[in-house]
Structures are given as C-alpha cells and as structure tokens.
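Colleague: Mind looking at a prediction? Sequence and model below.
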Amino acid sequence: MKVILSPEASAALAANQPVVALESTIIAHGMAYPANVETALAVEQVVREHGAVPATIAVIGGKLKAGLSRGEIERFGREGPGIMKVSVRDLPFVAGRALDGATTVAATMRIAAMAGIPIFATGGMGGVHRGAGETFDVSADLTEMTHSNVGLVTAGAKAILDLPLTLERLETDGVPVIGYRTGEFPAFYSRSSGLKVPMRADSAAEVADIMRSKWELDLPGAVIVANPIPEEDEIPASEIEPVIVAALAEAQRLGIFGKDVTPFLLGEIVKATKGRSLRANIALVKNNAKVAAEIAVAFARG
Ligand code: PSU
Ligand code: MN
C-alpha cells in the first residue's frame, strides 16, 4: 500500500529536502480540544521555522497519509477520541474498513518509513508500563523500534512508565538511545530521571551521522534522540511523581486497560495539575519539533 504524501512533502522528498513526520494520536487522544489543534499547528510552524517541511501522519478513509491539511488536523482535534487510536496492529482494520485513524508513535514510524521520511518528532514515546510484570503492558512503540528506520525525537519516555525497564528493553532490542546534550534519560515532564543514557550527542550533525551509520551497518530500526524538556517548562520529578501514582491507582480502580491506559493517565494528570502538565507537554513537543527539524536539515545535507 502506498502512502499519500501532501504535494509539499512529496516535492521536498523528491528534492532531498528535509521533512519531519509528526503523529496524530497526540492530537486525537493526547490533548483536549482546542489545545490539541493549536499545538499541532504550532508544532508544524516550529518545523517550518527551522527549515523543514512538516508531515503529520494519519489514516484517512483507510488511506495512509503523510501531510494532513489544516482542515484534517482541525477535524481530528474536534472529533478527538471519536477517532480510533491506531497502532500497528490496528492498521489492517482501519485500512480494510476505510476508516479514519489517529496513529501512535508505532504506526506513525511505520508509515514514515514507508514514505521515506527518516525523522519523526513526538512528545514522549511509549514504553514498558509500571507493573508490566503483571499486566504485560508494553507499548507496541518499542516493538516498532526494531523495524522502522526512523530517527525519533522524544522527551525520554513518559514518566507514567517504568523508565529503567524501558531502557533495558531497548538495550535488548539493539536500539540506540542518544541523550541530546544530556547524559541522562529525560523523564518527559522532568529533565532528569537519574538514569544514564548509553550515548550522547551535542549537535544535530552528530545525530545525523549516527543515524546514517546505523542504517549503513544494515542494522534496521529506530534511533532514539532523547531530548529533555526546556528547563523553564519542567515539572520536577518530586512534584509530578505523587500525581502519577494517584493517576495509576485511579486507572486500576476503574479497570482501565489496553490502549486506553496512556490517554487516561495523561488526562488525569492534566486535571490534577490544573493544566500545568499540559503546558509542559506542549513545550516539550515544540522543543522536540525544533530539534527534529535541525536533524532533518543535517541528515538531508548528507
Ligand atoms: N506523546 C505525547 N502524548 C501522547 C503520546 C505521545 O506527548 O498522547 C501517544 C503516542 O501516540 C504514543 C502513545 O505512541 O501515546 C503510547 O500509547 P501506548 O502506551 O498505548 O502504546
Ligand atoms: Mn499499552
């Protein structure tokens, strides 16, 4: 199946100009309307300001699309959870039934790779959930990291997860995790997790070189660029941790499971912090878009 590119993304790729892929689950399930639409459009603007073409990815009427129109982004934001959250396992369903789907990191990576877009910015990737030993809840984002050749810029992994186990799993799977101007694995809302990253890069050009080398070595899969939230926007771990613990308890009490867990937890945390976590989330996505555009520019330069 072919990916339908926007004319702008298609022209850029044909001319070896930088393009940055963006996901759509964060629009439909990660934030509420209208902050979701405002953020999605602002993130596209950040990509442009840093010299790359944005391509927000989703499934529309069963077609894989890279480069949504303003109208499509607006509709995904308005319909929100009414649009199906689509990971890789759900792609055959929405494609086969000609439905719309908001793509997760996993599904977006797959479609970006199919379209030949090597850089992708998200907020925070999925990972191994706390209590995964009991629930087996491990995001399909991790499985996809062994398959799709994409550089993923992420603010570490979401603090609702088990970060040490997430790093263990990535080590097992052979996925490079590069600290971007940091020696620590960032914890989404906070810059610091106390966990070391296995490698570090201090410029976009260094990251681009590592990505190129990985694929020249015939090592398929993603390169993770762990980019901490800007200092002025972070919520210290000591402040956010009790909020996360309360949200996890509430999820358990209500019997939330499967793909509903992550959107539920993010929503609970926004309520409990009276919007502070939403502001942090918006700031870190924009910061990731900026770094992704810089990497895309360096990567296209060759
Ligand atoms: N980053 C954000 N907000 C989000 C997500 C990422 O700042 O909502 C989404 C991504 O689409 C990611 C998904 O793939 O959360 C993880 O869901 P799960 O844990 O069900 O795999
Ligand atoms: Mn899950």
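Modeller: Cool, got the structure. Residues are numbered from 1 along each chain as shown. Ligands and ions are numbered 1, 2, ... in the order given.

Colleague: Secondary structure element for the residue of the chain most remote from its centre, which one?
Modeller: What lies farthest from the middle of the chain is Arg253; by Cα atoms, centre = their mean that is 27.8 Å. Taking DSSP states H and E as the criterion, Arg253 maps to helix 237-254.

Colleague: Show me what the following helix or strand past that helix is packed against.
Modeller: Reading on from helix 237-254 to the C-terminus, the next helix or strand found by DSSP H and E is helix 261-272. Contacts defined by 3 or more Cβ pairs under 8 Å, 6 or more residues apart in numbering; DSSP states H and E place helix 261-272 against helix 237-254, helix 276-301. Every C-beta, even on glycine, is put in place using the N, C-alpha and C of the backbone.

Colleague: Residue numbers of this structure in contact with ligand 1?
Modeller: In this structure, the chain approaches ligand 1 at residues 23, 25-26, 29-30, 104-105, 122-124, 126, 139-141, 259, 262, 266, 281, 285, judged by Cβ under 6 Å from any ligand atom.

Colleague: Find the residue closest to the residue of the stretch 151-300 of the chain found nearest ligand 1 in space, skipping its chain neighbours.
Modeller: Nearest to ligand 1 in the stretch 151-300 of the chain, going by Cβ to the nearest ligand atom, is Thr262, at a distance of 3.7 Å. In space, and not counting its chain neighbours, Thr262 is closest to Gly126: 6.6 Å by Cβ to Cβ, 6 or more residues apart in numbering.

Colleague: What are the contacting residues of the lowest-mean-pLDDT helix or strand in the chain?
Modeller: When the helices and strands of the chain are scored by mean pLDDT, DSSP states H and E, helix 132-135 comes last with a mean of 94. Applying Cβ atoms under 8 Å, 6 or more residues apart in numbering, the external contacts of helix 132-135 come out as His129, Val138, Asp162, Leu165, Phe257.

Colleague: which one of those has the most neighbours?
Modeller: Each of the contacts of helix 132-135 was scored for neighbours by other Cβ atoms under 10 Å, and His129 scores highest at 24 neighbours.

Colleague: The residue of the stretch 51-200 of the chain found nearest ligand 1: neighbouring residues, count only.
Modeller: Residue of the stretch 51-200 of the chain nearest ligand 1, by Cβ to the nearest ligand atom: Gly123 (2.1 Å). Look at Gly123: counted by other Cβ under 10 Å, it has 29 neighbours.

Colleague: low-confidence ranges in the stretch 101-250 of the chain?
Modeller: Counting by pLDDT under 70, the stretch 101-250 of the chain shows no low-confidence range.

Colleague: Could I get the full set of strands for it?
Modeller: For the stretch 101-250 of the chain, applying DSSP state E, counting those that start in this stretch gives strands covering 101-103, 119-121, 151-154, 177-180, 199-201, 223-226.

Colleague: For the residue nearest to Glu144 when sequence neighbours are not counted, give its distance to Ala208.
Modeller: Nearest residue to Glu144 in three dimensions, chain neighbours excluded: Ala106, at 3.9 Å (Cβ to Cβ, 6+ apart). As judged by Cβ to Cβ, to the nearest Å, Ala106 and Ala208 stand 23 Å apart.

Colleague: Neighbour count: these two, which is higher?
Modeller: Legend: neighbour count by other Cβ under 10 Å for Ala106 and Ala208, higher for Ala106 (27 against 24).

Colleague: Which strands or helices does the longest strand seen in the chain pack on?
Modeller: Longest strand of the chain, by residue count under DSSP state E: strand 53-60. Secondary structure elements in contact with strand 53-60, counted by 3+ Cβ pairs under 8 Å, 6+ apart, are helix 7-14, strand 19-22, helix 35-49, strand 63-66, helix 70-79, helix 91-96, strand 101-103, helix 105-115.

Colleague: now those as a markdown table including distance to Asp173?
Modeller: Formatted as a markdown table, the helices and strands packed on strand 53-60 follow (distance: least, Cβ to Cβ, whole Å):
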| stretch | distance to Asp173 |
| --- | --- |
| helix 7-14 | 28 |
| strand 19-22 | 21 |
| helix 35-49 | 28 |
| strand 63-66 | 25 |
| helix 70-79 | 30 |
| helix 91-96 | 21 |
| strand 101-103 | 21 |
| helix 105-115 | 13 |
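
Colleague: which of those is buried the deepest?
Modeller: strand 19-22 (a mean of 32; mean count of other Cβ atoms under 10 Å).

Colleague: which residues sit against that strand?
Modeller: Contacts for strand 19-22 (Cβ under 8 Å, 6+ apart): 9, 12-13, 40, 43-44, 47, 52-57, 66, 108-109, 111-112, 115, 117, 119-122, 150, 289, 292-293, 296.

Colleague: and what of stretch 34-53?
Modeller: Residues from elsewhere that reach stretch 34-53 (Cβ under 8 Å, 6+ apart): 8-9, 12, 17-20, 22, 26-28, 30-31, 54, 56, 67, 70, 73-74, 76-78, 80, 119, 121, 278, 282, 285-286, 289-290, 292-294, 296-297.

Colleague: Thanks a lot, see you next time.
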